[in-house]
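A.B. asks: Sequence isn't available, so here's the structure alone:
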């Protein structure tokens, strides 16, 4: 008999929509997890690219392939023939094709415009937001509308353009669960704490201060777009690009940036504060060694991404006075050397979280929360099993609960991260008083399989195929558990980590089954 014959809830990196992560079992949707974040958030997709977790809606533009007869486009000095939109104005007079009411103000859209040929400046205005193109090809991007029309027009001077397709689709990013493939292999559900990127321009390095460097844009980046930069030194020892930071006193921050080898073996990242001076690290592309070169830094980390990109990160602590001002610098110390850079981030905390893009102001990504209540029919307080396969982000200061409760916490089963590679299993059924057992793991940042069984006057815990606890306890009384949460029932101490799978059983599995489940 398969273990799945006895399972009542299975949650994995599976299907989802905004605000909901679908459970595999039951297929009725009764155990689908409610997901809340209320902000956009990035993840690593199945191709190894860093992008937003998002839901793409249906087509908003009518007749985007320009058929005849044309009933949806209003044309001035423009014609439609053979599935092409032709805009020609040799004297520089007004010319456009417009579709009113195609989009809504305040919503985010993804556009794709295929330009077959172009001479001049072509403007694409979606909901009042303008993009100007000077070359042919397929143009894609995202924008947040402030109006309602979609317009293709002359954008100064004469224009001769042929367009054969335009697509505009609404994008939903808030509350979308993140199925993350970082590290390769099978994906996991990503749950992170709230973080704010205080670097106000994380990608457009041409807006940073530039001293003695040659900055070239258009380099393929970790998000699959051509928006990374190559930074080459002009003068040995004084080269840098710099942007200001607002730092708090006596505070731990984590700095990170994506780097790729160019004309140098090294990439250098520096944080400067008025009181403490520099916190600087150097990354060697040949040895993949990340080294502190100035100041006191901790938690140095290197993570490989696609196409030769690496994300390097480190933590530092600001001083007690005069550190409200500061800056972050990217530089090289030898003339004619340099590296490729993308996606700079500085956040509170001891470890890097998923990348938070910014474009002119700080951006906050909210905490991910997952919960489902009203599922008493899928949980049995008299006997059962809670099984998880999960990993923490770091070995220091991890936190988070995976819980079955009655909504109040009086009756509960918790699996909880502790510091120093430990977890805690807590159970408290029918207000008889909490019982706590702590267990050491080899590495909580790696995926560990943990099962807690209750029933038949016994509580057992299996970790990675081995029994670590079997203890007698009083009989469990009739069912009171009705809520599954990645946090305490109050929403406090949320799970922060990577969850590959979760299962709930309404029967107490045998020792052989528990060993197999966690192996």
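C.D. replies: Everything's here; your move. What you see is a predicted model; the values in this text were computed from it and never measured. Numbers count the residues shown, from 1 in each chain.
A.B. asks: What ranges in the stretch 351-500 of the chain fall below the confidence cut-off?
C.D. replies: For the stretch 351-500 of the chain, residues meeting the criterion pLDDT under 70 lie at 397-398, 429-432, 474-479.
A.B. asks: Show me how the protein divides into domains.
C.D. replies: Following automatic domain parsing, one finds the domains of the chain at 3-47+368-518, 58-172, 195-365.
A.B. asks: if I look at residue 152, how far off is residue 90?
C.D. replies: Distance, residue 152 to residue 90, by C-beta to C-beta, to the nearest Å: 18 Å. Heads up, the C-betas are built off the backbone N, CA and C, glycines and all.
A.B. asks: Can you mark which positions in stretch 55-66 are buried?
C.D. replies: 55, 60-61, 63-64, 66 (16 or more other C-beta atoms under 10 Å).
A.B. asks: Next: stretch 9-22.
C.D. replies: Across stretch 9-22, burial judged by 16+ other C-beta under 10 Å covers 9-14, 16, 19-22.
A.B. asks: Ok, stretch 225-236 next?
C.D. replies: 225, 227-233.
A.B. asks: For stretch 171-189, measure first residue to last.
C.D. replies: 21 Å (C-alpha to C-alpha, to the nearest Å).
A.B. asks: swap that for stretch 392-400, sorry
C.D. replies: 9 Å.
A.B. asks: wait, doesn't residue 154 sit right on residue 95?
C.D. replies: Yes - judged on C-beta atoms under 8 Å, residue 154 makes contact with residue 95 at a distance of 4.6 Å.
A.B. asks: what residues do those two have in common as contacts?
C.D. replies: Taking C-beta atoms under 8 Å, 6 or more residues apart in numbering as the criterion, residue 154 and residue 95 both touch 87, 89.
A.B. asks: Give me the subset of the buried residues of stretch 55-66 lying in strands.
C.D. replies: Cross-referencing the buried residues of stretch 55-66 against strands under DSSP state E gives residue 55.
A.B. asks: between the buried residues of stretch 55-66, which is closest to residue 72?
C.D. replies: Distance to residue 72 across the buried residues of stretch 55-66 (C-beta to C-beta) is lowest for residue 63, with 4.6 Å.
A.B. asks: Need the three-state assignment for the nearest residue to that closest one once chain neighbours are set aside.
C.D. replies: Once flanking residues are discounted, residue 63 sits nearest to residue 72: 4.6 Å by C-beta to C-beta, 6 or more residues apart in numbering. What DSSP: H, G, I helix; E, B strand; the rest coil gives for residue 72 is coil.
A.B. asks: need the contact list for residue 72.
C.D. replies: By C-beta under 8 Å, 6+ apart, residue 72 lies in contact with 62-63, 99.
A.B. asks: circling back to that earlier point, right, and the domains of the chain - which one's nearest residue 178?
C.D. replies: domain 3-47+368-518 (4.1 Å).
A.B. asks: When residue 152 and residue 90 are compared, which one has more neighbours?
C.D. replies: Shown here are residue 152 and residue 90; by other C-beta atoms under 10 Å, residue 152 has more neighbours (25 against 12).
A.B. asks: okay, the residue lying farthest from the centre of the chain: pLDDT?
C.D. replies: Centroid-distance maximum for the chain: residue 91 at 48.1 Å, with C-alpha atoms, centre = their mean. Listed pLDDT for residue 91 reads 85.
A.B. asks: repeat for the one 3 residues further on
C.D. replies: At residue 94, the model reports a pLDDT of 94.
A.B. asks: If I follow the layout properly, residue 277 ends up in contact with residue 294?
C.D. replies: Yes - Residue 277 is within contact range of residue 294, at 7.2 Å (criterion: C-beta under 8 Å).
A.B. asks: So the nearest residue to residue 306 once chain neighbours are set aside, which state does it fall into?
C.D. replies: Nearest non-adjacent residue to residue 306, counting by C-beta to C-beta, 6+ apart: residue 48, 3.7 Å away. Classification of residue 48 using three-state DSSP returns coil.
A.B. asks: residue contacts, residue 48?
C.D. replies: By C-beta under 8 Å, 6+ apart, the neighbours of residue 48 are 181, 184, 305-306.
A.B. asks: sorry, back to before: pipe the buried residues of stretch 225-236 into TSV and attach pLDDT per row.
C.D. replies: What follows is the buried residues of stretch 225-236, written out as TSV (pLDDT from 0 to 100):
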residue	pLDDT
225	90
227	92
228	95
229	94
230	90
231	87
232	84
233	81
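A.B. asks: for this protein, what's the longest strand?
C.D. replies: strand 150-172.
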